[in-house]
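Colleague: structure of the sequence below:
(chains A and B)
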There are 2 protein chains.
Amino acid sequence: MSKRRKRAVAPVMKSRAESVPRGARVDLADMSPDPVSYLGQVAYFELAVFESLTRAISSAPGLAAKEGLTAAAGEVLAKHHGVVAELRALKVDPATAMQPFAPAIDRFEKLSHGRDWHEMLLGVYLTAGFLDDFFIRLLAGLPTEMGKRLEILLEPDRSANVIVAELRAGIEADETLSSRLALWGRRLVGDTQLVARSALLMSGNRANDEERIEPVFTDLIAAHTRRMDGLGLTA
Amino acid sequence: MSKRRKRAVAPVMKSRAESVPRGARVDLADMSPDPVSYLGQVAYFELAVFESLTRAISSAPGLAAKEGLTAAAGEVLAKHHGVVAELRALKVDPATAMQPFAPAIDRFEKLSHGRDWHEMLLGVYLTAGFLDDFFIRLLAGLPTEMGKRLEILLEPDRSANVIVAELRAGIEADETLSSRLALWGRRLVGDTQLVARSALLMSGNRANDEERIEPVFTDLIAAHTRRMDGLGLTA
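Modeller: Predicted structure coming up:
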């Protein structure tokens, strides 16, 4: 059951890391930041996602949901630790590398908390899915071997099936939740795009490079729409 | 440096799981609960320790401390998932097995939160160390192979070096912290023993079995004293 659900939610993303050759998708290779900035930003982002998930674990309405979400938390923590290991391999202190990105990501995480448990879950699912995907588009500009390791590590939605199942159960149990979550999802995608754009600007890219950015964002929004569809929500 | 620290804090515990033959220590073999109750209780306890650690991560005073504690959180989460895997192997729903133990452990976790970040860390370190050690004493009553796996899994203090380093740094920076933490540690060991004793009673043991319980608690308190000593605190 859970396998089928996972495929239904993000079939393209699931198979991509496994079988589609690297570079077959639109990416932002020449807009990539230097490796240390890249790793610092991604490491802090995964740490922030982990913290959001732990809040969802602490406030879970029942023990089964709580237990289920610990698996997702473990996966996100593994992403964080994998990126931190890359920084350590470069002899860079992880905290120093993450620090410049903390204020903006903290602000964003606060924005995407939501007003209740289901909004919190949807926030984690949509923003982490979108931004993991975005960060993968920047990998092509990094050293090849590091890029390959990170592409496998950062695969979006890997552990999202628990979150998706909880959201679906919530939507089934409460008719009003569906329209509220649809609204929330539409608002989140706007804020999340701003974060991605400002990450590009922080890397010294020009804001008016719309022609190169546009196709990537079209892809990322399509993936967002598939996530919403998978939950029966109108994007 | 961190290796030396670790050894200084808990030399006996560190070496025990590796080299001392099983059964050489005082244990509570014939007071063990049935496997499902045992696993449910330990799984919920590790989940509660994980949640306490995530609160310490969220309220960490700096990014280096926050990052350091994520390693400890990962280790505790691995303990929880390892115990949950044992339950799944027995075809038992983890949430159902954990549920009976949730109220008492939640109450205990609230008691051991502490008033600030350092008390919170000391609370996690001392109570998790004591109770991991206690749960290991009950392993001898479980099926042999399961017991062996759990003995390795539950090794106390495995990832405590980060916590110990943070506590030491705090004590060095603030003279008043030392006496406050010493008091807090003495209070915690009392409450923690009560939890361990009530775990024995829940397993259907008689409260007046002091002769058999006493030597085990003497051992556990000796390990607690070593943890306090390692921090320069009077137990």
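
Colleague: so where's chain A shaky on pLDDT?
Modeller: For chain A, the stretches flagged by pLDDT under 70 are A:1-24, A:203-208.

Colleague: spatially nearest residue to the residue most central in space within chain A (excluding sequence neighbours)?
Modeller: Residue closest to the mean C-alpha point of chain A, counted by Cα atoms, centre = their mean, is A:Ala128 at 1.9 Å. Using Cβ to Cβ, 6 or more residues apart in numbering or on different chains and skipping residues adjacent in sequence, the residue nearest A:Ala128 is A:Val49, 4.7 Å away. Any C-beta I mention is one placed from the backbone N, CA and C, and that applies to glycine too.

Colleague: all helices of chain A, in order?
Modeller: Ranges of helices in chain A, per DSSP state H, are A:2-9, A:11-19, A:35-58, A:63-89, A:94-98, A:102-111, A:117-137, A:144-153, A:161-173, A:175-202, A:210-230.

Colleague: now do the buried residues in the third one.
Modeller: For helix A:35-58, the buried set under the neighbour-count rule, 16 or more other Cβ atoms under 10 Å in any protein chain shown, comprises A:35, A:37-57.

Colleague: and it, what other elements does it pack with?
Modeller: Counting by 3 or more Cβ pairs under 8 Å, 6 or more residues apart in numbering or on different chains; DSSP states H and E, the packing neighbours recorded for helix A:35-58 are helix A:63-89, helix A:94-98, helix A:102-111, helix A:117-137, helix A:175-202, helix B:35-58, helix B:63-89.

Colleague: give me that answer again for 7 Å
Modeller: Applying 3 or more Cβ pairs under 7 Å, 6 or more residues apart in numbering or on different chains; DSSP states H and E, one finds that helix A:35-58 contacts helix A:63-89, helix A:94-98, helix A:102-111, helix A:117-137, helix B:35-58.

Colleague: which residues touch the residue lying closest to A:Gly40 once chain neighbours are set aside?
Modeller: Nearest residue to A:Gly40 in three dimensions, chain neighbours excluded: A:Ala97, at 3.3 Å (Cβ to Cβ, 6+ apart). Contacts for A:Ala97 (Cβ atoms under 7 Å, 6 or more residues apart in numbering or on different chains) come out as A:36, A:39-40, A:43, A:87.

Colleague: same check on A:His80?
Modeller: A:43, A:46-47, A:50, B:70 are the contacts of A:His80 under Cβ under 7 Å, 6+ apart.

Colleague: what's the closest of the residues you listed to B:Val195?
Modeller: Distance ranking of the contacts of A:His80 against B:Val195, using Cβ to Cβ, places B:Thr70 first at 26.3 Å.

Colleague: I figured that closest one hits A:Leu77, correct?
Modeller: Yes - the pair B:Thr70 and A:Leu77 qualifies as a contact (Cβ atoms under 7 Å) at a distance of 6.3 Å.

Colleague: so which bits of chain A are right by chain B?
Modeller: Counting by Cβ under 7 Å from any Cβ of the partner chain, chain A comes close to chain B at A:47, A:51, A:54, A:57-58, A:63-64, A:67, A:70, A:73-74, A:77, A:80-81, A:84, A:94-95, A:98-99, A:102.

Colleague: what's the PyMOL line that selects buried ones from those?
Modeller: Only the buried members of these enter the following PyMOL selection, criterion being 16+ other Cβ under 10 Å:
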select buried, chain A and resi 47+51+54+57+63+64+67+70+73+74+77+80+81+84+94+95+98+102
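
Colleague: residues near the residue nearest to A:Thr225 when sequence neighbours are not counted, how many?
Modeller: Nearest non-adjacent residue to A:Thr225, counting by Cβ to Cβ, 6+ apart: A:Ala235, 4.2 Å away. Using other Cβ atoms under 10 Å in any protein chain shown, A:Ala235 is surrounded by 16 other residues.

Colleague: same check, this time on A:Ala89
Modeller: 11.

Colleague: how about A:Leu150?
Modeller: 23.

Colleague: wait, what's in contact with it?
Modeller: A:Leu139.

Colleague: now the two most distant members of the contacts of A:Ala97.
Modeller: Spatially, the most separated pair among those is A:Val36 and A:Ala43, at 10.3 Å (Cβ to Cβ).

Colleague: residues in contact with the nearest residue to A:Asp219 once chain neighbours are set aside?
Modeller: Excluding the flanking residues, the one nearest A:Asp219 by Cβ to Cβ, 6+ apart is A:Val26, at 5.6 Å. By Cβ under 7 Å, 6+ apart, the residues touching A:Val26 are A:215-216, A:219.
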